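Undergrad: Let's see this in three dimensions:
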Amino acid sequence: MLNYIWAGLIIVSLVFALASDVGDIVGDTYRNADPLPVRIEFERPFDAEAPRQAARLVVDPIAFRQFYGVTDGAPEAAYEATLRATADGTPELVLTEDATLPAPLDVIRDATNPRDNILQGTLQNVTISADGTAATGGLQFAPVRFVKMGAITTAAIDFAEVAVTIAIGLIGVLVLFLGLSKIAEDAGIIHALVKLVRPVLRPLFPDIPPDHPAMGMIALNLAANVFGLGNAATPFGIKAMEELQTLNPEPDTATDSMAMLLALNTASVQLIPPITLIAILGIETNNVYFPILFTTIGSLIVAILAAKGLSKLRRYRATNPNRDGRTVPAVVSTDSEG
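TA: Got it, this is the predicted structure:
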(Lines give C-alpha, C1' and ligand atoms only; values in the text may rest on other atoms or scores of the structure.)
Protein backbone atom coordinates (compact mmCIF):
# COMPACT_ATOMS: atom_id res chain seq x y z
CA MET A 1 0.00 0.00 0.00
CA LEU A 2 2.84 2.35 0.87
CA ASN A 3 4.33 1.89 -2.60
CA TYR A 4 1.05 2.99 -4.17
CA ILE A 5 0.99 6.09 -1.94
CA TRP A 6 4.54 7.03 -2.97
CA ALA A 7 3.76 6.38 -6.62
CA GLY A 8 0.64 8.56 -6.34
CA LEU A 9 2.61 11.40 -4.75
CA ILE A 10 5.26 11.21 -7.48
CA ILE A 11 2.62 11.26 -10.23
CA VAL A 12 0.80 14.21 -8.61
CA SER A 13 4.06 16.18 -8.30
CA LEU A 14 4.96 15.51 -11.93
CA VAL A 15 1.51 16.54 -13.14
CA PHE A 16 1.61 19.70 -11.03
CA ALA A 17 5.12 20.59 -12.27
CA LEU A 18 4.18 19.97 -15.88
CA ALA A 19 1.00 22.06 -15.58
CA SER A 20 2.97 24.89 -13.95
CA ASP A 21 5.66 24.78 -16.64
CA VAL A 22 3.08 24.77 -19.43
CA GLY A 23 1.41 27.75 -17.76
CA ASP A 24 4.74 29.60 -17.74
CA ILE A 25 5.25 28.90 -21.43
CA VAL A 26 1.73 29.93 -22.41
CA GLY A 27 1.89 33.05 -20.25
CA ASP A 28 5.43 33.86 -21.40
CA THR A 29 6.54 34.30 -17.79
CA TYR A 30 10.22 34.60 -18.68
CA ARG A 31 9.82 36.68 -21.88
CA ASN A 32 12.07 34.30 -23.80
CA ALA A 33 11.71 36.13 -27.12
CA ASP A 34 12.08 39.70 -25.79
CA PRO A 35 15.20 41.50 -24.52
CA LEU A 36 15.06 43.27 -21.16
CA PRO A 37 15.63 47.06 -21.49
CA VAL A 38 18.86 47.93 -19.65
CA ARG A 39 21.52 50.60 -19.30
CA ILE A 40 25.23 49.78 -19.24
CA GLU A 41 27.76 52.07 -17.54
CA PHE A 42 31.50 51.70 -18.22
CA GLU A 43 34.37 52.56 -15.91
CA ARG A 44 36.36 53.62 -18.98
CA PRO A 45 35.06 54.75 -22.38
CA PHE A 46 33.75 51.85 -24.43
CA ASP A 47 36.37 50.14 -26.59
CA ALA A 48 34.96 48.00 -29.37
CA GLU A 49 38.30 46.21 -29.80
CA ALA A 50 38.70 45.19 -26.16
CA PRO A 51 37.92 41.47 -25.49
CA ARG A 52 36.32 42.34 -22.13
CA GLN A 53 35.49 45.46 -20.16
CA ALA A 54 34.30 46.15 -16.63
CA ALA A 55 30.76 47.50 -16.56
CA ARG A 56 27.75 48.12 -14.37
CA LEU A 57 24.24 46.94 -15.24
CA VAL A 58 21.41 49.34 -14.40
CA VAL A 59 17.76 48.25 -14.70
CA ASP A 60 14.94 50.70 -14.14
CA PRO A 61 12.59 49.21 -11.48
CA ILE A 62 9.40 50.48 -13.17
CA ALA A 63 10.46 49.18 -16.57
CA PHE A 64 11.45 45.87 -14.95
CA ARG A 65 8.03 45.35 -13.34
CA GLN A 66 6.22 46.28 -16.52
CA PHE A 67 8.42 44.01 -18.63
CA TYR A 68 7.87 40.91 -16.50
CA GLY A 69 4.40 41.79 -15.26
CA VAL A 70 5.32 41.57 -11.56
CA THR A 71 4.30 43.80 -8.68
CA ASP A 72 6.85 42.75 -6.05
CA GLY A 73 10.60 42.84 -6.12
CA ALA A 74 12.96 45.14 -7.92
CA PRO A 75 16.57 44.95 -9.07
CA GLU A 76 19.34 46.65 -7.13
CA ALA A 77 20.53 50.09 -8.13
CA ALA A 78 23.36 48.55 -10.17
CA TYR A 79 25.11 45.22 -10.70
CA GLU A 80 28.81 44.72 -11.29
CA ALA A 81 29.32 42.94 -14.59
CA THR A 82 31.77 42.17 -17.37
CA LEU A 83 31.15 42.93 -21.04
CA ARG A 84 32.84 40.48 -23.36
CA ALA A 85 32.64 39.47 -27.01
CA THR A 86 31.41 36.02 -28.01
CA ALA A 87 32.95 33.93 -30.80
CA ASP A 88 30.65 35.49 -33.37
CA GLY A 89 31.35 39.00 -32.11
CA THR A 90 28.06 39.47 -30.23
CA PRO A 91 28.50 41.48 -27.02
CA GLU A 92 27.67 39.44 -23.93
CA LEU A 93 27.12 40.79 -20.42
CA VAL A 94 28.03 38.56 -17.47
CA LEU A 95 27.03 39.52 -13.93
CA THR A 96 29.18 38.67 -10.94
CA GLU A 97 28.66 35.34 -9.20
CA ASP A 98 25.90 35.07 -6.57
CA ALA A 99 24.42 38.47 -7.40
CA THR A 100 21.19 39.19 -5.54
CA LEU A 101 18.49 39.08 -8.19
CA PRO A 102 14.71 39.53 -8.02
CA ALA A 103 12.25 37.05 -9.51
CA PRO A 104 12.18 35.96 -12.25
CA LEU A 105 15.84 36.83 -12.95
CA ASP A 106 16.94 34.45 -10.18
CA VAL A 107 14.99 31.63 -11.82
CA ILE A 108 16.51 32.48 -15.22
CA ARG A 109 20.00 32.36 -13.70
CA ASP A 110 19.40 29.03 -11.96
CA ALA A 111 17.88 27.50 -15.08
CA THR A 112 20.43 28.71 -17.62
CA ASN A 113 23.66 28.57 -15.60
CA PRO A 114 23.16 26.49 -12.43
CA ARG A 115 26.78 25.40 -11.99
CA ASP A 116 28.46 28.82 -12.11
CA ASN A 117 25.47 30.60 -10.52
CA ILE A 118 25.88 33.64 -12.78
CA LEU A 119 23.41 35.50 -14.98
CA GLN A 120 24.48 36.29 -18.50
CA GLY A 121 22.84 37.45 -21.69
CA THR A 122 23.60 38.97 -25.07
CA LEU A 123 23.14 42.66 -25.77
CA GLN A 124 20.90 43.70 -28.65
CA ASN A 125 20.16 47.03 -30.28
CA VAL A 126 23.01 48.70 -28.40
CA THR A 127 23.39 52.47 -28.55
CA ILE A 128 26.66 53.94 -27.22
CA SER A 129 26.62 57.42 -25.70
CA ALA A 130 28.71 60.18 -27.29
CA ASP A 131 31.38 60.06 -24.58
CA GLY A 132 31.46 56.22 -24.57
CA THR A 133 30.79 55.88 -20.85
CA ALA A 134 27.29 54.42 -21.16
CA ALA A 135 25.11 52.39 -23.48
CA THR A 136 21.46 51.41 -23.75
CA GLY A 137 19.91 48.36 -25.30
CA GLY A 138 18.21 45.08 -24.58
CA LEU A 139 19.60 42.13 -22.62
CA GLN A 140 18.50 38.83 -24.15
CA PHE A 141 18.71 35.73 -21.94
CA ALA A 142 18.75 32.10 -23.00
CA PRO A 143 15.24 30.59 -23.28
CA VAL A 144 13.85 29.16 -20.05
CA ARG A 145 11.38 26.29 -20.22
CA PHE A 146 10.19 23.47 -17.97
CA VAL A 147 11.84 24.88 -14.85
CA LYS A 148 9.94 22.77 -12.33
CA MET A 149 10.33 19.55 -14.29
CA GLY A 150 14.06 20.25 -14.42
CA ALA A 151 14.11 20.89 -10.67
CA ILE A 152 12.42 17.55 -10.00
CA THR A 153 14.91 15.75 -12.25
CA THR A 154 17.86 17.46 -10.57
CA ALA A 155 16.53 16.65 -7.10
CA ALA A 156 16.02 13.00 -8.07
CA ILE A 157 19.62 12.72 -9.27
CA ASP A 158 21.03 14.56 -6.24
CA PHE A 159 19.13 12.45 -3.71
CA ALA A 160 20.05 9.27 -5.57
CA GLU A 161 23.66 10.27 -4.96
CA VAL A 162 22.86 10.88 -1.28
CA ALA A 163 21.20 7.47 -1.03
CA VAL A 164 24.28 5.76 -2.47
CA THR A 165 26.53 7.66 -0.04
CA ILE A 166 24.39 6.60 2.92
CA ALA A 167 24.28 3.00 1.71
CA ILE A 168 28.06 2.82 1.31
CA GLY A 169 28.54 4.34 4.77
CA LEU A 170 26.10 1.83 6.24
CA ILE A 171 28.09 -1.11 4.85
CA GLY A 172 30.94 -0.44 7.27
CA VAL A 173 28.54 -0.13 10.19
CA LEU A 174 26.81 -3.38 9.24
CA VAL A 175 30.09 -5.27 8.92
CA LEU A 176 31.35 -4.00 12.29
CA PHE A 177 28.32 -4.67 14.45
CA LEU A 178 27.25 -7.89 12.74
CA GLY A 179 30.79 -9.14 13.24
CA LEU A 180 30.57 -8.21 16.93
CA SER A 181 27.19 -9.95 17.18
CA LYS A 182 28.71 -13.12 15.70
CA ILE A 183 31.49 -13.02 18.27
CA ALA A 184 28.90 -12.48 21.01
CA GLU A 185 26.85 -15.38 19.68
CA ASP A 186 29.84 -17.74 19.65
CA ALA A 187 30.77 -16.62 23.16
CA GLY A 188 27.27 -17.34 24.44
CA ILE A 189 26.56 -13.71 25.33
CA ILE A 190 23.51 -13.46 23.06
CA HIS A 191 22.04 -16.66 24.50
CA ALA A 192 22.48 -15.29 28.01
CA LEU A 193 20.92 -11.97 26.97
CA VAL A 194 17.93 -13.75 25.43
CA LYS A 195 17.36 -15.76 28.62
CA LEU A 196 17.51 -12.51 30.60
CA VAL A 197 14.97 -10.60 28.51
CA ARG A 198 12.77 -13.53 27.47
CA PRO A 199 10.09 -12.78 30.09
CA VAL A 200 9.70 -9.29 28.57
CA LEU A 201 9.95 -10.20 24.88
CA ARG A 202 7.90 -13.38 24.94
CA PRO A 203 4.50 -11.63 25.33
CA LEU A 204 5.42 -9.18 22.56
CA PHE A 205 6.65 -11.85 20.13
CA PRO A 206 4.65 -15.02 20.85
CA ASP A 207 5.15 -16.36 17.31
CA ILE A 208 8.93 -16.64 17.66
CA PRO A 209 10.34 -19.96 18.99
CA PRO A 210 12.21 -19.39 22.28
CA ASP A 211 15.65 -20.34 20.95
CA HIS A 212 15.33 -18.83 17.47
CA PRO A 213 18.16 -16.44 16.41
CA ALA A 214 15.57 -13.72 15.74
CA MET A 215 15.01 -13.34 19.48
CA GLY A 216 18.69 -12.61 20.04
CA MET A 217 18.83 -10.01 17.26
CA ILE A 218 15.69 -8.34 18.61
CA ALA A 219 17.22 -8.21 22.09
CA LEU A 220 20.41 -6.63 20.72
CA ASN A 221 18.42 -4.17 18.61
CA LEU A 222 16.30 -3.01 21.53
CA ALA A 223 19.31 -2.84 23.85
CA ALA A 224 21.20 -0.66 21.36
CA ASN A 225 18.20 1.67 21.12
CA VAL A 226 17.84 1.88 24.91
CA PHE A 227 21.50 2.83 25.34
CA GLY A 228 21.44 5.38 22.51
CA LEU A 229 23.59 3.36 20.09
CA GLY A 230 21.72 4.25 16.90
CA ASN A 231 24.51 3.01 14.60
CA ALA A 232 24.38 -0.41 16.26
CA ALA A 233 20.58 -0.59 16.40
CA THR A 234 20.23 -0.29 12.61
CA PRO A 235 22.21 -3.42 11.60
CA PHE A 236 20.73 -5.43 14.47
CA GLY A 237 17.23 -4.40 13.37
CA ILE A 238 17.95 -5.37 9.76
CA LYS A 239 19.33 -8.74 10.86
CA ALA A 240 16.32 -9.29 13.13
CA MET A 241 13.97 -8.68 10.20
CA GLU A 242 15.95 -11.16 8.11
CA GLU A 243 15.63 -13.78 10.84
CA LEU A 244 11.91 -13.09 11.20
CA GLN A 245 11.52 -13.56 7.45
CA THR A 246 12.77 -17.14 7.83
CA LEU A 247 9.70 -17.80 10.00
CA ASN A 248 7.32 -16.18 7.55
CA PRO A 249 5.25 -18.58 5.41
CA GLU A 250 4.15 -15.68 3.17
CA PRO A 251 7.29 -13.66 2.27
CA ASP A 252 5.25 -10.86 0.68
CA THR A 253 3.26 -10.14 3.88
CA ALA A 254 4.63 -8.89 7.20
CA THR A 255 3.91 -10.99 10.27
CA ASP A 256 2.68 -9.64 13.62
CA SER A 257 6.20 -9.98 15.00
CA MET A 258 7.60 -7.86 12.17
CA ALA A 259 4.97 -5.20 12.80
CA MET A 260 5.75 -5.21 16.51
CA LEU A 261 9.49 -4.88 15.91
CA LEU A 262 8.89 -1.96 13.56
CA ALA A 263 6.63 -0.30 16.15
CA LEU A 264 9.23 -0.74 18.91
CA ASN A 265 11.97 0.77 16.73
CA THR A 266 9.79 3.66 15.64
CA ALA A 267 8.98 4.61 19.26
CA SER A 268 12.03 3.28 21.10
CA VAL A 269 12.98 4.36 24.61
CA GLN A 270 16.48 5.77 25.09
CA LEU A 271 17.72 5.74 28.66
CA ILE A 272 21.04 7.21 27.56
CA PRO A 273 20.92 10.20 25.16
CA PRO A 274 22.52 9.65 21.74
CA ILE A 275 26.17 10.62 21.42
CA THR A 276 25.25 13.18 18.74
CA LEU A 277 22.86 14.94 21.10
CA ILE A 278 25.47 15.04 23.86
CA ALA A 279 28.06 16.42 21.44
CA ILE A 280 25.72 19.20 20.32
CA LEU A 281 24.15 20.24 23.62
CA GLY A 282 26.82 19.20 26.11
CA ILE A 283 25.66 19.73 29.67
CA GLU A 284 22.42 21.21 28.38
CA THR A 285 21.39 17.64 27.52
CA ASN A 286 20.10 17.33 31.09
CA ASN A 287 17.43 19.92 30.34
CA VAL A 288 15.88 17.80 27.59
CA TYR A 289 16.60 14.30 28.93
CA PHE A 290 13.46 13.74 30.97
CA PRO A 291 11.06 15.28 28.40
CA ILE A 292 12.59 12.98 25.77
CA LEU A 293 12.38 9.98 28.11
CA PHE A 294 8.74 10.56 29.05
CA THR A 295 7.77 11.23 25.44
CA THR A 296 9.41 8.07 24.13
CA ILE A 297 7.89 5.97 26.95
CA GLY A 298 4.47 7.29 26.03
CA SER A 299 5.03 6.66 22.33
CA LEU A 300 6.33 3.15 23.11
CA ILE A 301 3.19 2.29 25.06
CA VAL A 302 0.98 3.61 22.27
CA ALA A 303 3.00 1.67 19.66
CA ILE A 304 2.70 -1.62 21.58
CA LEU A 305 -1.03 -1.16 22.19
CA ALA A 306 -1.60 -0.22 18.55
CA ALA A 307 0.36 -3.19 17.20
CA LYS A 308 -1.38 -5.61 19.56
CA GLY A 309 -4.81 -4.08 19.05
CA LEU A 310 -4.65 -4.03 15.26
CA SER A 311 -3.44 -7.63 15.18
CA LYS A 312 -6.69 -8.66 16.93
CA LEU A 313 -8.94 -7.05 14.33
CA ARG A 314 -10.59 -9.47 11.91
CA ARG A 315 -9.32 -7.58 8.86
CA TYR A 316 -5.67 -7.85 9.89
CA ARG A 317 -6.00 -11.25 11.53
CA ALA A 318 -7.25 -12.70 8.23
CA THR A 319 -4.07 -11.56 6.44
CA ASN A 320 -1.62 -12.63 9.15
CA PRO A 321 0.86 -15.13 7.61
CA ASN A 322 0.90 -17.04 10.93
CA ARG A 323 -2.88 -17.37 11.16
CA ASP A 324 -4.17 -20.77 12.19
CA GLY A 325 -0.74 -21.61 13.53
CA ARG A 326 0.89 -21.77 10.09
CA THR A 327 4.68 -21.73 10.00
CA VAL A 328 7.40 -22.11 7.41
CA PRO A 329 7.33 -25.69 6.20
CA ALA A 330 10.30 -27.79 7.21
CA VAL A 331 12.96 -28.44 4.60
CA VAL A 332 12.91 -32.12 3.71
CA SER A 333 16.12 -33.65 2.46
CA THR A 334 15.90 -35.22 -0.99
CA ASP A 335 18.94 -37.43 -0.43
CA SER A 336 18.09 -41.09 -0.30
CA GLU A 337 20.04 -43.74 1.56
CA GLY A 338 20.82 -47.11 0.24
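Undergrad: per-domain residue ranges of this protein.
TA: Taking automatic domain parsing as the criterion, the chain consists of the domains 31-145, 188-322.
Undergrad: mind giving me JSON lines with the ones you listed and columns for mean pLDDT?
TA: Below are the domains of the chain laid out as JSON lines (pLDDT from 0 to 100):
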{"stretch": "domain 31-145", "mean pLDDT": "91"}
{"stretch": "domain 188-322", "mean pLDDT": "80"}
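Undergrad: Any idea which of those gets closest to Leu9?
TA: Nearest to Leu9, of all the domains of the chain, is domain 188-322, at 20.5 Å by C-beta to C-beta. Heads up, the C-betas are built off the backbone N, CA and C, glycines and all.
Undergrad: And the longest strand anywhere in the chain, what's buried?
TA: Using DSSP state E to assign secondary structure, the strand with the most residues in the chain is strand 120-128. Buried residues in strand 120-128, counted by 16 or more other C-beta atoms under 10 Å: 120-123, 128.
Undergrad: helix or strand right after it?
TA: Next helix or strand after strand 120-128 toward the C-terminus (DSSP states H and E): strand 134-140.
Undergrad: tilt between that following strand and strand 120-128?
TA: 140 degrees (axes from the mean of the first three to the mean of the last three C-alpha atoms, to 10 degrees).
Undergrad: quick one: strands adjacent to strand 134-140?
TA: Strands adjacent to strand 134-140 in the sheet, as given by DSSP bridges, are strand 36-42 (antiparallel), strand 120-128 (antiparallel).
Undergrad: can you tell me the distance between the two ends of stretch 78-89?
TA: End-to-end distance of stretch 78-89 (C-alpha to C-alpha, to the nearest Å): 25 Å.
Undergrad: Show me how far that stretch is from its chain's centre.
TA: Centroid displacement of stretch 78-89 relative to its chain, using C-alpha atoms, centre = their mean, to the nearest Å, is 38 Å.
Undergrad: in the protein, which helix has the most residues?
TA: helix 147-186 (DSSP state H).
Undergrad: what is the rounded mean pLDDT of it?
TA: Mean pLDDT, helix 147-186: 81.
Undergrad: Identify the residue nearest the geometric centre of the protein.
TA: Taking C-alpha atoms, centre = their mean, the centroid of the chain lies closest to Phe159, which sits 5.6 Å from it.
Undergrad: List the contacts of that one.
TA: If you count contacts by C-beta atoms under 8 Å, 6 or more residues apart in numbering, Phe159 has none.
Undergrad: Tell me how far it lies from Ser129.
TA: Going from Phe159 to Ser129 by C-beta to C-beta, to the nearest Å gives 51 Å.
Undergrad: and if you look at Leu310?
TA: 78 Å.
Undergrad: and what of Val164?
TA: Using C-beta to C-beta, Val164 is found at 56 Å from Ser129.
Undergrad: more crowded one of those two?
TA: Under the neighbour definition other C-beta atoms under 10 Å, Val164 and Ser129 were set side by side, and Ser129 has more, 15 against 10.
Undergrad: Wait, the more buried one touches Phe42, no?
TA: No - the pair Ser129 / Phe42 is not scored as a contact, 9.3 Å apart, by C-beta atoms under 8 Å.
Undergrad: what's the overlap in contacts for these two?
TA: Joint contacts of Ser129 and Phe42 (C-beta under 8 Å, 6+ apart) are Ala135.
Undergrad: Spell out the secondary structure type for the closest residue to Asp256 other than its chain neighbours.
TA: In this structure, Asp256 finds its nearest non-sequential neighbour in Ser311, 4.6 Å apart by C-beta to C-beta, 6 or more residues apart in numbering. Counting by DSSP: H, G, I helix; E, B strand; the rest coil, the backbone at Ser311 sits in helix.
Undergrad: Tell me which residues touch Ser311, please.
TA: Here Ser311 is in contact with 256, 259, 317, 320 (criterion: C-beta under 8 Å, 6+ apart).
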